[in-house]
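A.B. asks: My questions concern the predicted model and sequence given below.
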Amino acid sequence: MRPDVILQFGELRIFFALIGLLTVIISILLFLISTRYLVKPITRLSDATKQIAQGNYNLGLPTNRRDEIGQLAGHFMIMSRELERVDQSRQQFVSNVSHEIQTPLTSIQGFAKVLRKSVISSKKIVSTIHPLSKKKAATSHCSANNFSCSHHWNKDKRL
């Protein structure tokens, strides 16, 4: 008995078609898995940039990968901590400036209140104005330093 060649070729075509289909399905699955492996950390970094833009500097990015994405996540965490430090410094600076400006204003307000309520001798006025002029000089010095700090802050920001 001779085997039917046409039947055998038909079976071979079906066999190769199944192998080809199985190869395509496995390739698609591997592609999806590898894409997820690469895209998920980048998505986390993107979400972290949004959190930093909203002022949330305490991020928990996984930095245990040993590839470029892991290095990027590590550098991103360093940048986040540095931004948090700079933001805290800025807030402290604004608080100090506010305090330095409020102190002489409070003294001036108190002096004006006293002047309105009573008649004060010129000697008393001079003795009260002298400390105020010292506070004004200190405030001017503080303002000049703050301008200098502000100028450096903006210069660093441009870099």
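C.D. replies: Yes, it's here. Numbers count the residues shown, from 1 in each chain.
A.B. asks: name the helices or strands packed onto the host helix or strand of residue 18?
C.D. replies: Taking DSSP states H and E as the definition, residue 18 sits inside helix 5-53. If contacts are counted by 3 or more CB pairs under 8 Å, 6 or more residues apart in numbering; DSSP states H and E, helix 5-53 sits against helix 68-117. Using the backbone N, CA and C atoms, a C-beta is placed for each residue, glycine as well.
A.B. asks: Show me the residue sitting in the middle of the chain in space.
C.D. replies: Residue closest to the average C-alpha location in the chain (CA atoms, centre = their mean): residue 52, at 3.6 Å.
A.B. asks: State the distance from that one to residue 75.
C.D. replies: If you measure residue 52 against residue 75 using CB to CB, to the nearest Å, the figure is 13 Å.
A.B. asks: repeat for residue 83
C.D. replies: Distance of residue 83 to residue 75, given as CB to CB: 12 Å.
A.B. asks: circling back: what mean pLDDT does the helix holding residue 18 get?
C.D. replies: Per-residue pLDDT values over helix 5-53 give a mean of 93.
A.B. asks: Likewise for stretch 100-108?
C.D. replies: Per-region confidence: stretch 100-108 scores 79 on mean pLDDT.
A.B. asks: just how off-centre is it within its chain?
C.D. replies: Between the centre of stretch 100-108 and the centre of its chain there are 34 Å (CA atoms, centre = their mean, to the nearest Å).
A.B. asks: mind listing what's buried in it?
C.D. replies: Using 16 or more other CB atoms under 10 Å as the test for burial, stretch 100-108 gives 100, 104.
A.B. asks: what's the neighbour count on residue 15?
C.D. replies: A count of neighbours around residue 15, defined by other CB atoms under 10 Å, yields 10.
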